[in-house]
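# Here is my input; please provide its structure:
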Amino acid sequence: MSMKSNRIARTDAAVGGSNGIPYPAMITALLPACLKLHARPFGFSLSLSRESNQSQLILAAVAELVWCFWFLQMVVSFITRLLTLALGYAYPAYDCYKTLERNAPQMEQLRFWCQYWILLAFLTAFERVADFAVSWLPMYGEAKLALVVYLWHPKTMGAMHVYDGYLRPYLAANEADIDAGLLEMKARAKDATAAHLHTAEAFAQTWFVEIARRVSTKMQVAGDPAGHQAR
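Numbers count the residues shown, from 1 in each chain. Predicted coordinates:
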């Protein structure tokens, strides 16, 4: 009976007795790092007493870990976007400016930067259209940052390889169809614009006539109030 009691006591000590003390080693290690963080966005905070049971402690620790992971992910995403703007747009634009404003611009370098901006324009357009499908992918921002650096970095010259190997052959093979589609889109846009302008003109004319009629009626009433009352 004594040995059984000792085993039960050791089990209670390992997982926490009825009063919740001592706590498991893992929870004890997690709580100081994750719990008691009272300065939170949206006023979120957790405070557990020593009487809390083990399941409550585990749930609280998991909630804190999820919040910490979310906050860290937001910080990393913000830093990645800043780096993408700096390394994908600002620095290439400045380097392109320096190449363009030289006394004797290097045509190969100018051609390289044209290739880079063409690829970046296609990438940006694709990202805007397919944002709902690709933005949630893990490490998407980091992969985009690595891609833009790969495209312009002098050691990789990725823009030249991607443009000459993939984009230019595709555009050259479909150039006639693309031009025909663009002409059709321009014609449709022109017709739609003309139709909308005609509708807006008719609406404005009707509105102006109605306003003029109301103003004229009010002026007549104000000039001859007795005659208006008699009628």
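# could you point out where the protein is predicted with low confidence?
By pLDDT under 70, the weakly predicted segments of the chain are 1-54, 223-231.
# if you set the cut-off to 90 instead, what comes out?
Applying pLDDT under 90 to the chain flags residues 1-78, 80-81, 84, 95-110, 124-144, 154, 194-231.
# Number of residues surrounding Arg214?
10 (other CB atoms under 10 Å). Glycine gets a C-beta too; all of them are placed from N, C-alpha and C.
# To clarify, my last question referred to Lys155.
6.
# do the same with the one 5 residues further on
Neighbourhood size, Met160 [other CB under 10 Å]: 16.
# Equivalent analysis for Thr84, please.
Thr84: 19 neighbours (other CB under 10 Å).
# list the contacts for the closest residue to it other than its chain neighbours?
Counting by CB to CB, 6 or more residues apart in numbering, Thr84 lies nearest to Leu145, which is 4.9 Å off, once chain neighbours are set aside. Leu145 makes contact with 80, 83-84, 87-88, according to CB atoms under 8 Å, 6 or more residues apart in numbering.
# Stretch 77-92: end-to-end distance?
In stretch 77-92, first residue to last residue: 21 Å (CA to CA, to the nearest Å).
# Could you list the residues in contact with it?
So stretch 77-92 is contacted by 113, 116-117, 120, 141-142, 144-145, 148-149, 152 (CB under 8 Å, 6+ apart).
# For this structure, which residue occupies the most central location?
Ser135 (7.3 Å; CA atoms, centre = their mean).
# got the contact list for that residue?
No contacts exist for Ser135 under CB under 8 Å, 6+ apart.
# swap in Leu137?
Going by CB under 8 Å, 6+ apart, Leu137 touches Ala143.
# sec struct for it, please.
State at Leu137, reduced to three classes by DSSP: H, G, I helix; E, B strand; the rest coil: coil.
# mind starting the numbering at 4 from now?
Got it, the first residue is 4 from now on, which makes the last one we talked about Leu140.
# Just give me how far the helix or strand where the residue nearest to Thr87 lies sits from the chain centre.
In this assignment (DSSP states H and E), Leu148 forms part of helix 143-155. In terms of CA atoms, centre = their mean, to the nearest Å, the centre of helix 143-155 is found 16 Å from the chain centre.
# what's the answer for stretch 77-92, then?
11 Å.
# Alright, that wraps it up for me.
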